[in-house]
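> below are the sequence and a predicted model for it; my questions follow.
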Amino acid sequence: MAKKHGKKYVAALEKVDQTKDYTLSEAVALVKEIDFAGFDATVEIAFNLNVDTRQADQQLRGAVVLPNGTGKDQTVVVFAKGDKAKEAEAAGADVVGDMDLIQRIQDGWLDFDVAIATPDMMAQVGRIGRALGPKGLMPNPKTGTVTMDVTKAVQESKAGKVTYRTDRDGNVSVPVGKVSFDDAALVGNLKTIAETVVRARPAAVKGTYVKHVSIASTFGPSVNVAVDSL
């Protein structure tokens, strides 16, 4: 059954030429123009990549700090002990703990955006993997969230670090800011994530790597972006 859209969405869609690949600057301006949310909506970029995610070496996962931030205050928790716990607190982590924090999460608390852990804590953190994993909160070395450098990890997360990973169909979706950002800030963030995804091209990929790119606001229709404008 086809999804029915409201009048505001339909009106916004009428302003988009779905047969056209817009330049990045054009696409940003249009997404902002047609946004109709009653709040400061998030802008997201979506890539469709020519990767076979059944192959482990073609699964993308990583993180990058957006130069202009995400427009969202990230709540960061850190699993650490001793001096590393003190470092995390000094760096601005919102909650720092070890077994007490693990117990709190086991009891159902998940009101945070990023979880960071020192390597020595991962055996214990693994016990709450079923709670953290489905929400994308499990610390992972590939995204820089399992590390002894907790100061850097906390500061980057607070500064606008975003993670990316392919889904089973080879799609990557990443938030890049808010519609309230000026065009240049959004373009800068978009170029940063695009360059990161392109650099992460698996060696086994043959032919065209980035098949399609689009951007959209939270409720707005997507706007196709010309790959060569990224």
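Right, received. Where do you want to start? Numbering: from 1, shown residues only.
> okay, CA-based contacts and neighbour counts for the rest of this
OK.
> and the helices in the protein?
In the chain, the helices defined using DSSP state H lie at 7-13, 24-34, 82-91, 99-106, 122-125, 129-132, 150-159, 183-199.
> of all those, which one is nearest residue 224?
Between residue 224 and these, the tightest spacing by CA to CA is seen for helix 24-34, at 7.3 Å.
> for residue 165, find the nearest of the helices of the chain.
Closest to residue 165 of those is helix 183-199 (CA to CA; 9.5 Å).
> that closest one: which residues count as buried?
For helix 183-199, the buried set under the neighbour-count rule, 16 or more other CA atoms under 10 Å, comprises 183, 185-194, 197.
> ok, the closest residue to residue 47 other than its chain neighbours - how many residues close by?
Ranked by CA to CA, 6 or more residues apart in numbering and with sequence neighbours excluded, the top spatial neighbour of residue 47 is residue 213, at 4.6 Å. Look at residue 213: counted by other CA atoms under 10 Å, it has 23 neighbours.
> got it, and residue 75?
The local packing of residue 75 (other CA under 10 Å) involves 17 other residues.
> what's the pLDDT at it?
Per-residue pLDDT puts residue 75 at 95.
> so it touches residue 96, yeah?
No. Residue 75 is not in contact with residue 96 according to CA atoms under 8 Å; the separation is 11.3 Å.
> domain map for this structure?
Per the TED database, the structural domains of the chain span 20-69+161-229, 76-158.
> just the mean pLDDT for the longest one, thanks.
Looking at domain 20-69+161-229 alone, the average pLDDT works out to 96.
> now do that domain: distance from first to last residue.
In domain 20-69+161-229, first residue to last residue: 13 Å (CA to CA, to the nearest Å).
> chain center to it: distance?
Here domain 20-69+161-229 is found 9 Å from its chain centre; the criterion is CA atoms, centre = their mean, to the nearest Å.
> again with stretch 67-87
In terms of CA atoms, centre = their mean, the centre of stretch 67-87 is found 16 Å from the chain centre.
> cool, and stretch 84-97?
On the basis of CA atoms, centre = their mean, stretch 84-97 sits 23 Å off its chain's mean C-alpha point.
> CA atoms only for that stretch, dumped as CSV, please.
Only the C-alpha atoms of stretch 84-97 are listed here, as CSV (Å, rounded to 0.1, in the frame of the first residue of the first chain):
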residue,chain,number,x,y,z
LYS,A,84,40.9,7.8,32.8
ALA,A,85,37.6,8.5,34.6
LYS,A,86,39.0,11.8,35.9
GLU,A,87,40.3,12.7,32.3
ALA,A,88,36.8,12.0,30.9
GLU,A,89,35.2,14.2,33.5
ALA,A,90,37.7,17.0,32.8
ALA,A,91,37.1,16.7,29.1
GLY,A,92,33.4,17.4,29.6
ALA,A,93,31.7,13.9,29.6
ASP,A,94,28.2,14.1,31.0
VAL,A,95,28.3,10.8,32.9
VAL,A,96,31.4,8.7,33.8
GLY,A,97,31.4,5.4,35.6
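> give me the contacts around it.
With CA atoms under 8 Å, 6 or more residues apart in numbering as the test, stretch 84-97 has contacts from 75-81, 118, 148, 150-152, 154-155.
> for these, could you give me JSON lines that also reports distance to residue 101?
Listed next are these as JSON lines, based on distance: CA to CA, whole Å:
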{"residue": "75", "distance to residue 101": "14"}
{"residue": "76", "distance to residue 101": "12"}
{"residue": "77", "distance to residue 101": "9"}
{"residue": "78", "distance to residue 101": "9"}
{"residue": "79", "distance to residue 101": "7"}
{"residue": "80", "distance to residue 101": "10"}
{"residue": "81", "distance to residue 101": "11"}
{"residue": "118", "distance to residue 101": "14"}
{"residue": "148", "distance to residue 101": "18"}
{"residue": "150", "distance to residue 101": "16"}
{"residue": "151", "distance to residue 101": "19"}
{"residue": "152", "distance to residue 101": "21"}
{"residue": "154", "distance to residue 101": "17"}
{"residue": "155", "distance to residue 101": "20"}
